[in-house]
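Undergrad: here are the coordinates; sequence isn't available:
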Ligand code: FAD
């Protein structure tokens, strides 16, 4: 079933999960161990992130540095199929522009279609760590909107080899990312919203937000979106904070602010066990408030941890 159908047909609030593929060489059982305890809550769909290649530099015997490209977390498509098979839930692979030519994207979408996976979250991807800004592949996409258009074309039976006849149309439900606090590269919120509207007007069916720790940011974002004519479901993304280090890591990595009250409480914690408990409680409060406001689905960024998500879900669902 499509994400939008899950939302439209929900008879009670539910949550979806976002998981990461295991590190290269690790068993998929590690991922299953993480998902297993959460299945009692019956999340109707699970997102699997995509991780593009990174460059690493190895020192050669002659002292020169050798640049090699590695993908630390491959396997998104296979993992989606494995999760679907094991738990009988829908999966949402993230597909990104970065590192892909249009043809490689088309081939990945064909694989997904054959596997019966009918949802995709379409993203641009971040710049490679060693690059100051995002660089598309030659014959790749620059922005998520361009990739969305490619998926929509396939949904209309228009593949890249356009002279081909009798092509089978795909039927993907398309998600896009939204940023209540603005995407870090956008010149201002208005411009960011304009580009978000382009993604919806081009065929994205729903939005998942970047994490936020103050619900007012989400409520304001939804209101602005609605005023701009963005009427698709906007799924709030939530992440429970778990370590003191995240006070700096989260703003650095995800370009979001943490509320002063949360910071002061984290600082008071004696150890990360206390921080984790605080993160759970904060996320429960956020979840309950969103539910009270009538939001039918919450999206938890689980980051490979299930015990805190389980603690939250058991209080909220
Ligand atoms: P876009 O929508 O293309 O926007 C990128 C920037 O360009 C924005 O500043 C936007 O305002 C601007 N822009 C957009 N269109 C135009 C245009 N036509 N002209 C000029 N400017 C434009 N990353 C991964 O690598 N793997 C993942 O699995 C992953 N999952 C994610 C899941 C969620 C829910 C979210 C919120 C983010 C995720 N990301 C992931 C991170 C994401 O790839 C980055 O935030 C990336 O920098 C932007 O992606 P986007 O799809 O929002 O890009």
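TA: Structure received. Everything quoted here is computed from the prediction, not taken from an experiment.
Undergrad: list the buried ones in stretch 180-198?
TA: Buried residues in stretch 180-198, counted by 16 or more other Cβ atoms under 10 Å: 180, 181, 182, 183, 189, 192, 193, 196, 197, 198. The C-beta positions use only the backbone N, C-alpha and C, and glycine is treated the same way.
Undergrad: so who does the fourth one touch?
TA: Shown here is residue 183, whose contacts under the criterion Cβ atoms under 8 Å, 6 or more residues apart in numbering are 192, 210, 255.
Undergrad: How about the fifth one?
TA: With Cβ under 8 Å, 6+ apart as the criterion, the residues that contact residue 189 are 182, 224.
Undergrad: Also the second one?
TA: For residue 181, the residues meeting the contact criterion (Cβ under 8 Å, 6+ apart) are 210, 212, 217, 255, 256, 257.
Undergrad: If we use 7 Å, what do you get?
TA: Applying Cβ atoms under 7 Å, 6 or more residues apart in numbering to residue 181 gives the contacts 212, 217, 256, 257.
Undergrad: Quickly note the distance from it to the ligand.
TA: 11 Å (Cβ to the nearest ligand atom, to the nearest Å).
Undergrad: Checking my notes, that residue in a helix, right?
TA: No. The assignment for residue 181, made by DSSP: H, G, I helix; E, B strand; the rest coil, is coil rather than a helix.
Undergrad: quick one on the thing from earlier: closest one to residue 173 out of the buried residues of stretch 180-198, please.
TA: residue 196 (17.5 Å; Cβ to Cβ).
Undergrad: quick one on the thing from earlier: of all pairs in the buried residues of stretch 180-198, which one is the farthest apart?
TA: 181 and 198, at 19.5 Å, using Cβ to Cβ across the buried residues of stretch 180-198.
Undergrad: ranking the contacts of residue 181 by neighbours, who comes first?
TA: Greatest neighbour count in the contacts of residue 181, by other Cβ atoms under 10 Å, goes to residue 212: 23 neighbours.
Undergrad: So which of the contacts of residue 181 sit within helices?
TA: Counting by DSSP state H, the contacts of residue 181 place residue 217 in helices.
Undergrad: that older thread, mind listing which of the contacts of residue 183 are in strands?
TA: Assignment to strands by DSSP state E places the following of these there: residue 210.
Undergrad: and the contacts of residue 183 near the ligand, which?
TA: Counting by Cβ under 6 Å from any ligand atom, 192, 210 from the contacts of residue 183 sit close to the ligand.
Undergrad: can the contacts of residue 183 go into TSV with extra columns for pLDDT?
TA: Listed next are the contacts of residue 183 as TSV, based on pLDDT from 0 to 100:
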residue	pLDDT
192	98
210	98
255	97
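Undergrad: Would you mind measuring from the residue nearest to residue 36 when sequence neighbours are not counted to residue 49?
TA: Once flanking residues are discounted, residue 36 sits nearest to residue 306: 7.9 Å by Cβ to Cβ, 6 or more residues apart in numbering. Separation of residue 306 from residue 49 (Cβ to Cβ, to the nearest Å): 16 Å.
Undergrad: same deal with residue 263?
TA: Residue 263 is 27 Å from residue 49, by Cβ to Cβ.
Undergrad: more neighbours, these two?
TA: More crowded of residue 263 and residue 49, by other Cβ under 10 Å: residue 49, with 19 against 14.
Undergrad: need the contact list for that one.
TA: Taking Cβ under 7 Å, 6+ apart as the test, what residue 49 contacts is 18, 20, 94.
Undergrad: Of those, grab the buried ones for PyMOL.
TA: Of the contacts of residue 49, the buried ones can be selected in PyMOL as follows, counting by 16+ other Cβ under 10 Å:
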select buried, resi 18+20+94
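Undergrad: how about the contacts of residue 49 in JSON lines, adding secondary structure and distance to the ligand?
TA: Shown next, in JSON lines, are the contacts of residue 49 (DSSP: H, G, I helix; E, B strand; the rest coil; distance: Cβ to the nearest ligand atom, whole Å):
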{"residue": "18", "secondary structure": "strand", "distance to the ligand": "7"}
{"residue": "20", "secondary structure": "coil", "distance to the ligand": "8"}
{"residue": "94", "secondary structure": "strand", "distance to the ligand": "3"}
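Undergrad: Close to the ligand: what parts of the chain are there?
TA: 49-50, 52, 94, 96, 123-126, 143-145, 177, 183, 185-186, 191-192, 195, 199, 208, 210, 237.
Undergrad: phi, psi of the most far-flung residue of the chain relative to its centre?
TA: Computed with Cα atoms, centre = their mean, the residue of the chain farthest from its C-alpha average is residue 62, at 42.2 Å. Dihedral pair for residue 62: phi -80, psi 10, per degrees, to the nearest 10.
Undergrad: That one and the ligand: what is the separation?
TA: With Cβ to the nearest ligand atom as the criterion, residue 62 and the ligand are 34 Å apart.
Undergrad: what mean pLDDT would you report for stretch 154-164?
TA: Stretch 154-164 carries an average pLDDT of 87.
Undergrad: Any idea how far apart the tips of that stretch sit?
TA: One end of stretch 154-164 sits 12 Å from the other (Cα to Cα, to the nearest Å).
Undergrad: Nice, that's everything, thank you.
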